[in-house]
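*Asks:* Return atomic coordinates for the entry below.
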Amino acid sequence: MLVVGGGPAGSTIATLLARKGLSVALLERDRHPRFHIGESLLPMNMPILERLGLCERLATIGVKKLGADFPADNERGYNVFRFERCLNPTWPFAYQVRRDEFDQMLFENAAANGARVEQETRVGRIQFHADGATAEITAADGATRTHRTRYVVDATGRDTLLGTQLRLKKRNPAHQSAALFAHFDGVERRPGDDAGNVSVYRFDHGWVWMIPLRDGCVSVGAVCGPEYLKQRDVSQDEFLMRTLRGIPDVWKRMEHARIAGNLHATGNYSYTCTRMAGRNWVMVGDAFAFVDPIFSTGVLLAMYAAERAADVVAGTLADPAHERTLQRRYEREIRKGLNALSWFIFRFTTPAMTYLFRNPRNVLRVEEAMISMLAGDVFRDGGVRWRLRVFKLLYAITSLGELRGSVASFFKRRRQAAVSFTGGTTRQDST
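*Replies:* You can find the predicted model right below:
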């Protein structure tokens, strides 16, 4: 068994397959610990981490996260959506983590459970054949070899090894964005129990995250449209600071902050592969698709898919005739959760969505269903799905109201312009 990629998806599936008694090789191109973005976990990560036996260790490296907050027109200036108010019972909290520590923990756990792990090892071309595959591998010392395996798991994240090789990766032209982010010292945190919450802010060109980490560090990033980023005429750090300074609610918390490290930029966020699996291979996590980190779903989707894909691989090796059936079931489930999240993500910065998050209403327990979605509860039902459809209806009604208001405002401006141009009223024109 060959698992390519030692991030959350790869380490999780390697652990689970090794526990099933399978021979697993887990290859990572970098060396842990290494920096990575995606530092905010969700409550639905917690049952998976419990099954991996890592909750106690996670508590020592993470900052407890009770919810998420978004700007609002109230005394505090923001609404807090606490996970304890989910529609269905779930974990009432998650953690914010430094990904170098978190990913190393998962990788070491895979080794402890019996996976053979290699770091600084690159996987090149993979050739598939009837009973498995052959991969070209370059080790840390530069030595090359071929590796025969019965099954390949692509957990290479945004590198999308098989998506690129098989020409399956398709960018989303309607949602092309980039992110500029860094770790900061001196950022003001929320008071009390909300000190560990993630904060999300919208602005004209995108949105901003604030993720509190250990030792006074806060991860801050701006996800922006390509047109805005093309305006950059200064260094990355200066452009990031200028962007944050231009958002009053953000700058209130950052006027005494400074960049402490890990300044990075990344682009072309949104893509999906046309297939998730094929004969003797399967994709997990970002290797298949990446949408946008607005709701901090990346690690959850990676680890959840890894659990489901582990069943696909083990089931296929036990009975190869059922491979396609297992893969179709896996793909339907992952796509369903991804589609549920994508609908909200692609509309998050619209005026209608801004209004609904600023003015939440719990009619028919719709707000609780929204909090369930924010907690990552998109794969089971329990009444969440139909309530999210109600939210979509509210969104459509709100959008229609925004459109009518825009049209009315347009014609009002036209009338005012006509009066200004003629120098008076219609009656004066007729005299």
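*Asks:* And the pLDDT for residue 424?
*Replies:* As predicted, residue 424 sits at a pLDDT of 53.
*Asks:* cool, residue 419 as well?
*Replies:* Predicted confidence (pLDDT) for residue 419: 53.
*Asks:* same deal with residue 178?
*Replies:* 85.
*Asks:* what kind of secondary structure is residue 127 in?
*Replies:* Under the three-state scheme (DSSP: H, G, I helix; E, B strand; the rest coil), residue 127 adopts strand.
*Asks:* Excluding chain neighbours, give the residue nearest to it in space.
*Replies:* residue 134 (4.9 Å; C-beta to C-beta, 6 or more residues apart in numbering). Bear in mind the C-beta positions are built from the backbone N, C-alpha and C, glycine included.
*Asks:* I'd like to know which elements the strand or helix carrying that neighbour is packed against.
*Replies:* Residue 134 is located in strand 132-138, with elements delineated by DSSP states H and E. Applying 3 or more C-beta pairs under 8 Å, 6 or more residues apart in numbering; DSSP states H and E, we find strand 132-138 packed against strand 2-4, strand 122-129, strand 144-149.
*Asks:* what about 7 Å?
*Replies:* The contact analysis (3 or more C-beta pairs under 7 Å, 6 or more residues apart in numbering; DSSP states H and E) places strand 132-138 against strand 122-129, strand 144-149.
*Asks:* closest to residue 334 out of those strands?
*Replies:* Closest approach to residue 334 among the helices and strands packed on strand 132-138 (C-beta to C-beta): strand 122-129, 21.4 Å.
*Asks:* Mind listing the strands that closest one pairs with, and their directions?
*Replies:* Partners of strand 122-129 in the sheet, by DSSP bridges, are strand 132-138 (antiparallel).
*Asks:* could you give the angle of the strand it pairs with to strand 144-149?
*Replies:* 160 degrees (axes from the mean of the first three to the mean of the last three C-alpha atoms, to 10 degrees).
*Asks:* circling back: which residues are in contact with the strand holding residue 134?
*Replies:* 2, 121-127, 144-152, 280-281 (C-beta atoms under 7 Å, 6 or more residues apart in numbering).
*Asks:* Are any of those residues buried, and if so which?
*Replies:* Buried by 16 or more other C-beta atoms under 10 Å: 2, 121-123, 126, 147, 149-152, 280-281, out of the contacts of strand 132-138.
*Asks:* Distance to residue 209 added to those residues, as CSV?
*Replies:* Converted to CSV, the buried ones among the contacts of strand 132-138 look like this (distance: C-beta to C-beta, whole Å):
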residue, distance to residue 209
2, 34
121, 32
122, 31
123, 32
126, 35
147, 39
149, 38
150, 41
151, 36
152, 34
280, 38
281, 33
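*Asks:* What mean pLDDT does the strand holding residue 134 get?
*Replies:* Average pLDDT, strand 132-138: 97.
*Asks:* Could you export that strand as CSV, CA atoms only?
*Replies:* Extracted in CSV, the C-alpha atoms of strand 132-138 (Å, rounded to 0.1, in the frame of the first residue of the first chain):
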residue,chain,number,x,y,z
GLY,A,132,-1.6,-2.5,-8.8
ALA,A,133,0.9,0.3,-9.7
THR,A,134,4.5,1.1,-10.0
ALA,A,135,5.8,4.4,-8.6
GLU,A,136,9.1,6.2,-9.3
ILE,A,137,10.6,7.4,-6.0
THR,A,138,13.5,9.7,-5.2
